[in-house]
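Asker: how would this look folded up:
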Amino acid sequence: MTIDDYILQHIDPEGDYLYRLYRATNIHTIHGRMASGHLQGRLLKMLVRMIRPKAILEVGTFSGYSAISLAEGLEEGGRLYTFEINDEMEDFTRPWIEGSPVADKITFIIGDALTEAPKLGIEFDMAFIDGDKRTYRDTYEMVMSVLRPGGFIVADNTLWDGHVVDEAYDRDRQTQGIETFNDHIARDERVEKVILPLRDGLTLIRKK
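Answerer: Next comes the predicted model:
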């Protein structure tokens, strides 16, 4: 048994619907491992339970696994707005979101969150950044502009399979995007931050 297996046996189960979604994502999409999965999904739900946001912004829906996980933690009246820029994902993702037990808490939008999210006119309590790694810093600044003081940002993939410390990836644009983001956050005195070495790296950020 691996330590990962041990962890999954000692946390809340992911549930049948998310299990089936994760399997379908890996079978029917090219980058199935991009889905959050059991451990990260339960963490996202727990963070929502702890923060108790009324409005969550997600940048990067992919197959909808993280969106459903986040929405599971929302209290009555809470809402998640999730943006996916790749319109080719819509035919796969929309039925899974709309068929989920938390469909009434999720607004799924195909479009560029960088330009479209501010148009919602909503002050968000929490955000999950998991979109294009090349534009992570720009996404972060957009999110900061619509996040309330005291609000939280969770950023995924911030260790990027360890590529952030591997010189072989210095010319890779996605790695460069993550490194630029990480360096920017480290210097940003508007926020408190900590990186969790969970899966591919998860940064928790609090706006002062």
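Asker: surely Asn157 touches Gly201?
Answerer: Yes - between Asn157 and Gly201 there is a contact at 6.1 Å, judged by CB atoms under 8 Å. Any C-beta I mention is one placed from the backbone N, CA and C, and that applies to glycine too.
Asker: these two: who's more crowded?
Answerer: Comparing Asn157 with Gly201 by other CB atoms under 10 Å, the one with more neighbours is Asn157, at 24 against 19.
Asker: next, work out how far apart the closest residue in space to the more buried one that isn't next to it in sequence and Lys207 are.
Answerer: Nearest non-adjacent residue to Asn157, counting by CB to CB, 6 or more residues apart in numbering: Asp200, 4.7 Å away. Relative to Lys207, Asp200 is positioned 23 Å away (CB to CB, to the nearest Å).
Asker: and Pro149, what helix or strand is that in?
Answerer: strand 147-156 (DSSP states H and E).
Asker: show me what counts as buried in stretch 37-51.
Answerer: When neighbours are counted by 16 or more other CB atoms under 10 Å, the buried residues of stretch 37-51 are found to be 37-38, 40-45, 47-48, 51.
Asker: what lies in contact with it?
Answerer: Defining contact as CB atoms under 8 Å, 6 or more residues apart in numbering, one finds that stretch 37-51 is touched by 4, 7-8, 11-12, 14, 18-19, 22, 36, 56, 65-66, 68-70, 72-74, 125-126, 128, 152, 154, 156, 198-199, 202, 204.
Asker: got the CA positions of it in CSV?
Answerer: This file holds the C-alpha atoms of stretch 37-51, laid out as CSV (Å, rounded to 0.1, in the frame of the first residue of the first chain):
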residue,chain,number,x,y,z
GLY,A,37,-9.5,13.8,-8.1
HIS,A,38,-10.5,12.3,-4.8
LEU,A,39,-8.0,13.9,-2.3
GLN,A,40,-8.0,17.4,-3.8
GLY,A,41,-11.8,17.4,-4.3
ARG,A,42,-12.4,16.6,-0.6
LEU,A,43,-9.9,19.3,0.3
LEU,A,44,-11.7,21.9,-1.8
LYS,A,45,-15.0,20.9,-0.2
MET,A,46,-13.5,21.2,3.2
LEU,A,47,-12.0,24.7,2.4
VAL,A,48,-15.4,25.9,1.3
ARG,A,49,-16.9,24.5,4.6
MET,A,50,-14.3,26.4,6.5
ILE,A,51,-14.5,29.7,4.6
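Asker: how far away from the center of its chain is it?
Answerer: Relative to its parent chain, stretch 37-51 has a centroid offset of 10 Å by CA atoms, centre = their mean, to the nearest Å.
Asker: this completes my enquiry, with thanks.
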